[in-house]
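J.: Fold the stuff below for me.
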Amino acid sequence: MRIPDQNLWTGELLDLPLFFDWDPIVEDIRLSYSDPTDDDWDHGLLWVRHGLDRAGKFRWKAINTPRTRVMMREHLCMVCSRSCQRPDGRYWWLFVNDPDIAPDGTSITNLPPTCGACIPESLATCPRLAERSRVASVAGTSPYAATVDLYEPGPGDSLPVPAVKVCHEVNVLLDKGSEWLRYALGKQPWLMLHDLRDEPLVLAEQQEAQP
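T.: Down below sits the predicted model:
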């Protein structure tokens, strides 16, 4: 069974202390690394950093957050990192179960898409998909939420001060006005799925077979 590109490898784990420091953009304190870069931030949220060299041993139940962010933003396959866009402009998606539903009834997911070439292979080799799966397509996506750890400022008389983790893996909306974002470390993005449609598996196989 192929190891999906989305998976995290042990050598990609980074031990990076977190701090609260003054941020002139939000005019308040905010969670940060000691050496923040532009790529650490997205939608007003600080995201987990991982290496990208696939060193060490793979971890089936852990994701590489930077790779996952790119996959979901650019609609790249979670298995092979190729584009999941079809000739008709829609995007393939493969679900273990039905997508989650937002309060307004819109389908949402924290899984990157799977391209048409990898869907048959995934169905044939993944034990979870053998029990239940749903092949679908979407017209597009938009950022919705993130699974995060929440922190609060630790002791200290002057900034920056160490960050103390107070809550593990909760979901927060990517609302620019949300105060939670300043205290959160993003681990996994959630997308809103537009015009979700079920698709026959044979369509994925036929389209990938076309030159």
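
J.: Where do the strands of this structure begin and end?
T.: For the chain, strands defined by DSSP state E occupy the ranges 7-9, 18-23, 28-33, 41-42, 45-47, 58-63, 91-95, 100-101, 107-109, 134-138, 140-153, 161-173, 184-194, 197-198.

J.: what's the average pLDDT for the first one?
T.: Which is strand 7-9. In this model, strand 7-9 has an average pLDDT of 97.

J.: What of the last one?
T.: Averaged across strand 197-198, the pLDDT comes to 95.

J.: picking that back up, quick one: which of the strands of the chain is nearest residue 77?
T.: Taking Cβ to Cβ as the criterion, residue 77 comes closest to strand 91-95 out of those, the separation being 8.2 Å. C-beta coordinates here come from the backbone N, C-alpha and C atoms, glycine included.

J.: Show residues contacting that closest one.
T.: Contacts made with strand 91-95 from outside it, assessed by Cβ atoms under 8 Å, 6 or more residues apart in numbering, are listed as 75, 84-86, 109, 111, 113-116, 119, 122-123, 129, 133-141, 193, 196, 199, 204.

J.: Buried ones only from the residues you listed, please, as a PyMOL command.
T.: Only the buried members of the contacts of strand 91-95 enter the following PyMOL selection, criterion being 16 or more other Cβ atoms under 10 Å:
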select buried, resi 75+84+85+86+109+111+113+114+115+116+119+122+123+129+133+135+136+137+138+141+193+196+199+204
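
J.: what about the protein, any weak spots by pLDDT?
T.: Where the chain drops to pLDDT under 70, the residues are 1, 202-211.

J.: thinking residue 118 is in contact with residue 81, fair?
T.: No: at 10.0 Å, residue 118 does not count as touching residue 81 under the criterion of Cβ atoms under 8 Å.

J.: Next up, phi/psi of the residue in the chain sticking out farthest from the centre, please.
T.: Residue distances from the centre of the chain (Cα atoms, centre = their mean) peak at residue 157, which lies 35.9 Å from the mean C-alpha position. Taking degrees, to the nearest 10, you get phi -90, psi -20 for the backbone angles of residue 157.

J.: Might you report the residue contacts of the closest residue to residue 169 other than its chain neighbours?
T.: On the basis of Cβ to Cβ, 6 or more residues apart in numbering, the spatially nearest residue to residue 169 that is not a chain neighbour turns out to be residue 147, at 5.5 Å. For residue 147, the contacting residues are 110, 169, 170, 171, 186, 187, 188, 190, taking Cβ under 8 Å, 6+ apart as the criterion.
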